[in-house]
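Undergrad: The following comprises the amino acid sequence and a computationally predicted model.
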Amino acid sequence: MNAADALALPPGLNRVLRGHAAVLSVNAGSSSLKFGVYAEHGPAVWSGEFQGLEPGGQPRLCVGGHDALPLPPRDSLGRFELALTLLVETLGRAGIRLKGVAHRIVHGGQRFVEPCLLDEPTLAALAELNPLAPLHQPHNLAGVRSLQKALPDLPQVGCFDTAFHAGMPAVEHRLPIDRSLWDQGVQRYGFHGLSYQFVMRELQRRTPRAAGRVLMAHLGNGASLCAALNGASVATTMGFSALDGLMMGTRSGSVDPGVLLHLWRQGQTVDEVETLLYKRSGLKGVSGLSADMRTLRASEAPAAREAIELFTYRLLREAGALLAVLGGVDVIAFTGGIGEHDAQLREDLLTRLTWLGTRPDAAANHDARGDRVAPIHAAGSPVEVWVVPTDEGRVAARATFALLRQQGLA
Ligand SMILES: Nc1ncnc2c1ncn2[C@@H]1O[C@H](COP(=O)(O)OP(=O)(O)O)[C@@H](O)[C@H]1O
Ligand SMILES: CC(=O)OP(=O)(O)O
Ligand SMILES: [Mg+2]
């Protein structure tokens with residue numbers, strides 16, 4: 001079977017969505033494109049990921065229950081366009097009425113703090129933020145362009161990772177540098193906001209403590225922490241760019257800026273240092289082996305152990321900073337690929353936070369697989385701990401339904 005066949009048979013899709021309005025949610029990265037089809041309420045009716053879309057890659061589709069399926073080539077189309085064209089054709093054949101497309105866009109800058117329609121001036125303004133998120137923003141916007149081509153009559157809506165943090169206190173947004181730079185947008189923004197919004201809402205539905213002091217850990221390829229009070233972000237570890245804070249898959253997290261000055265003085269170029277920080281650091285750079293936590297857990301190599309130990313330590317250290325900002329904690333939540341699946345990581349962190357009064361339930365922690373929202377604290381624990389599988393696409397889809405209705409487009 002190839003991808004076109006798999007796409008022709010999305011199981012159950014017709015039944016659930018035929019005749020109903022739907023929103024396609026898209027998260028376009030450098031080499032992959034994650035998508036989900038959402039009705040107005042509930043999780044994705046159908047979702048998957050195109051991978052290998054980078055130049056020279058092997059374009060393929062991963063949807064539940066299938067191995068990676070190669071995409072049939074079509075001469076006139078680029079890889080992203082090919083993937084989207086197959087997707088759009090399939091939805092059309094299945095009789096799905098798309099109302100709009102929701103795009104996860106990593107950077108909204110100072111201006112875009114609400115979901116908005118992606119018209120030409122907006123796209124131009126967002127492209128100016130490309131240098132602030134080189135691993136994400138240009139690819140997010142290329143995804144918008146490709147979809148505009150594939151679906152020219154459909155509203156495209158941008159939903160911003162930075163927006164959830166827009167209301168943080170001024171002191172959290174500020175950098176201790178020459179204040180004239182603040183007005184030029186050199187400030188702390190914070191990211192993973194769609195994910196934090198989702199996690200916060202899931203917690204609020206399950207525990208009254210979510211109205212108190214909450215520490216959320218999004219640990220995926222990118223990783224960050226968010227401190228929230230009353231459901232609103234008050235502090236976060238990513239800042240001006242998605243490089244700050246925690247150690248990540250290939251990104252460094254915080255490093256002393258003196259290191260960068262040193263490398264530049266030694267003759268490294270800006271591009272070389274950018275590649276170092278974004279692509280040759282983090283788990284990959286430290287282990288010399290892989291950015292994938294599963295590979296490192298399975299490895300006996302001392303450098304793989306060291307990478308995991310450093311990841312855990314940096315997480316503890318940054319968590320300490322946000323716990324101090326919150327003045328204690330009522331709920332800790334884990335999400336993202338590592339946060340949802342890596343019980344060992346959760347145990348190691350929580351063990352080092354016993355001084356907070358956290359009492360994890362070892363069996364519940366071991367059993368939490370990221371397939372549902374699960375509490376992992378012992379009964380009576382003064383701090384609740386939860387694993388919450390995130391769904392950024394759902395947050396974007398929900399916001400898109402709301403915006404389209406508000407604009408009279410739905
Ligand atoms: N079972 C698992 N155990 C440990 N880590 C896992 C597991 N499954 C996925 N991961 C890790 O999750 C990370 C990817 O997170 P994910 O949130 O899917 O990424 P993205 O940021 O691209 O959405 C990788 O480091 C991967 O190794
Ligand atoms: C902002 C960010 O780091 O996103 P991701 O985790 O998807 O790389
Ligand atoms: Mg992610």
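TA: Nice, I can see it. Ligands and ions are numbered 1, 2, ... in the order given.

Undergrad: what residues are up against L289?
TA: Going by C-beta atoms under 8 Å, 6 or more residues apart in numbering, L289 touches T295, L296, S299, A301, A303, A304, A307. C-beta: built from backbone N, CA, C; applies to glycine.

Undergrad: Can you select the buried ones from those in ChimeraX?
TA: To isolate the buried ones among the contacts of L289 in ChimeraX, judged by 16 or more other C-beta atoms under 10 Å, type:
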select :296,299,304,307
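
Undergrad: which among the contacts of L289 gets closest to ligand 1?
TA: T295 (7.0 Å; C-beta to the nearest ligand atom).

Undergrad: who touches D244 in this structure?
TA: Taking C-beta under 8 Å, 6+ apart, we find D244 in contact with R188, T237, M238, G253, S254.

Undergrad: same deal with V37?
TA: Neighbour list for V37: L13, L17, A22, V23, L24, S25, A44, V45, W46, S47, L91, I96 [criterion: C-beta under 8 Å, 6+ apart].

Undergrad: Compare those and tell me which has the most neighbours.
TA: S25 (30 neighbours; other C-beta atoms under 10 Å).

Undergrad: Let's verify it: helix, strand, or coil?
TA: Using DSSP: H, G, I helix; E, B strand; the rest coil, the three-state assignment for S25 comes out as strand.

Undergrad: got the contact list for it?
TA: 35-38, 44, 101-104, 393-394, 396-397, 400.

Undergrad: of these, closest to ligand 2?
TA: Ranked by distance to ligand 2 (C-beta to the nearest ligand atom), the contacts of S25 are led by R104 at 8.1 Å.

Undergrad: Now do the helices in the stretch 201-350 of the chain.
TA: For the stretch 201-350 of the chain, applying DSSP state H, counting those that start in this stretch gives helices covering 257-265, 270-279, 282-287, 293-298, 302-326, 336-341, 343-352.

Undergrad: closest to V144 out of these?
TA: Closest to V144 of these is helix 270-279 (C-beta to C-beta; 21.9 Å).

Undergrad: Next, the angle from that closest one to helix 257-265.
TA: Here helix 270-279 runs at an angle of 140 degrees relative to helix 257-265 (axes from the mean of the first three to the mean of the last three C-alpha atoms, to 10 degrees).

Undergrad: helices and strands around helix 270-279, which ones?
TA: With contacts taken as 3 or more C-beta pairs under 8 Å, 6 or more residues apart in numbering; DSSP states H and E, helix 270-279 sits against helix 257-265.

Undergrad: buried set for the helix it packs on?
TA: Neighbour counts over helix 257-265 (16+ other C-beta under 10 Å) mark L260, L263 as buried.

Undergrad: How many neighbouring residues does the closest residue to A127 other than its chain neighbours have?
TA: In this structure, A127 finds its nearest non-sequential neighbour in L141, 5.8 Å apart by C-beta to C-beta, 6 or more residues apart in numbering. By other C-beta under 10 Å, 23 other residues sit near L141.

Undergrad: secondary structure class for L141?
TA: Judged by three-state DSSP, the three-state class of L141 is helix.

Undergrad: go on, P73?
TA: With three-state DSSP as the basis, P73 sits in coil.

Undergrad: For stretch 232-241, report the contacting residues that lie outside it.
TA: By C-beta under 8 Å, 6+ apart, the surrounding residues in contact with stretch 232-241 are 132-133, 164-165, 167-169, 172, 175, 186-193, 196, 222, 224-228, 244-246, 253-254, 318, 321-322, 325-326.

Undergrad: Report the contact partners of the closest residue to N140 other than its chain neighbours.
TA: Residue nearest to N140 in three dimensions, not counting chain neighbours: I105, with 4.7 Å by C-beta to C-beta, 6+ apart. Going by C-beta under 8 Å, 6+ apart, I105 touches F112, L126, Q137, N140, L141, V144, G158, C159, F160, D161.

Undergrad: Tabulate those residues in JSON lines, adding columns for distance to ligand 2 and secondary structure.
TA: Below are the contacts of I105 laid out as JSON lines (distance: C-beta to the nearest ligand atom, whole Å; DSSP: H, G, I helix; E, B strand; the rest coil):
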{"residue": "F112", "distance to ligand 2": "15", "secondary structure": "coil"}
{"residue": "L126", "distance to ligand 2": "15", "secondary structure": "helix"}
{"residue": "Q137", "distance to ligand 2": "10", "secondary structure": "helix"}
{"residue": "N140", "distance to ligand 2": "10", "secondary structure": "helix"}
{"residue": "L141", "distance to ligand 2": "15", "secondary structure": "helix"}
{"residue": "V144", "distance to ligand 2": "16", "secondary structure": "helix"}
{"residue": "G158", "distance to ligand 2": "15", "secondary structure": "strand"}
{"residue": "C159", "distance to ligand 2": "13", "secondary structure": "strand"}
{"residue": "F160", "distance to ligand 2": "11", "secondary structure": "strand"}
{"residue": "D161", "distance to ligand 2": "5", "secondary structure": "coil"}
